[in-house]
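Colleague: how would this look folded up:
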Amino acid sequence: MADKFRVLFVCANNDVRSLMAEALLRHTDAEHFEAFSAGIAAGEVDPRTLESLDHIGIATTGLRSKAIDEFEGQQFDYVITLCDKSSGEAERMPASGEVMVWNFEDPVTSERHDPFRHALQEIHDRVNMFATVKTRH
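Modeller: Predicted structure coming up:
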């Protein structure tokens, strides 16, 4: 197998959505992808993020909030932003072959019932679709 695709998921604080996406892509297809996540600024990982992932059997080992600056000078095949705030910070993103904009409601401020479970499901569906499309030969 050739080198894995390097994917960086970016959100405002790297506390919920981008961490979920990182963990889900690792779980979904570690054979083809290397997943990373960062925030415009590092934040505190929301414990509900880890609980949601644990609940569906996704490994959370090593997940921590990181600032985008940690990846300065690195090259990614895909940089995927998960919120409006990170989409507006394009000039701060590391070099990539393709930038994708996915926008998911922040479960921290959502008024939906069980917002973390909803966010996880929506991100899971999108990550699965992404992995399928990008590995189709």
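
Colleague: residues in contact with the longest helix seen in the chain?
Modeller: Of all the segments of type helix in the chain, defined by DSSP state H, the longest one is helix 115-135. Residues from elsewhere that reach helix 115-135 (Cβ atoms under 8 Å, 6 or more residues apart in numbering): 5, 16-17, 20-21, 24-25, 28-29, 32-33, 48-49, 51-53, 55-56, 78, 80, 82, 100, 102, 104-108, 110, 112. Backbone N, C-alpha and C define where each C-beta goes, glycine included.

Colleague: just the CA trace of the lowest-mean-pLDDT helix or strand in the chain, in CSV.
Modeller: The helix or strand of the chain with the lowest confidence, counting by mean pLDDT, DSSP states H and E, is helix 84-87 at a mean of 77. Extracted in CSV, the C-alpha atoms of helix 84-87 (Å, rounded to 0.1, in the frame of the first residue of the first chain):
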residue,chain,number,x,y,z
ASP,A,84,-17.7,28.4,10.4
LYS,A,85,-15.0,29.9,12.7
SER,A,86,-12.3,27.5,11.5
SER,A,87,-13.4,27.9,7.8
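
Colleague: who does the helix or strand that comes right after that helix pair up with?
Modeller: Where DSSP states H and E defines the elements, the next helix or strand beyond helix 84-87 is strand 95-101. According to DSSP bridges, strand 95-101 forms sheet pairs with strand 75-81 (parallel).
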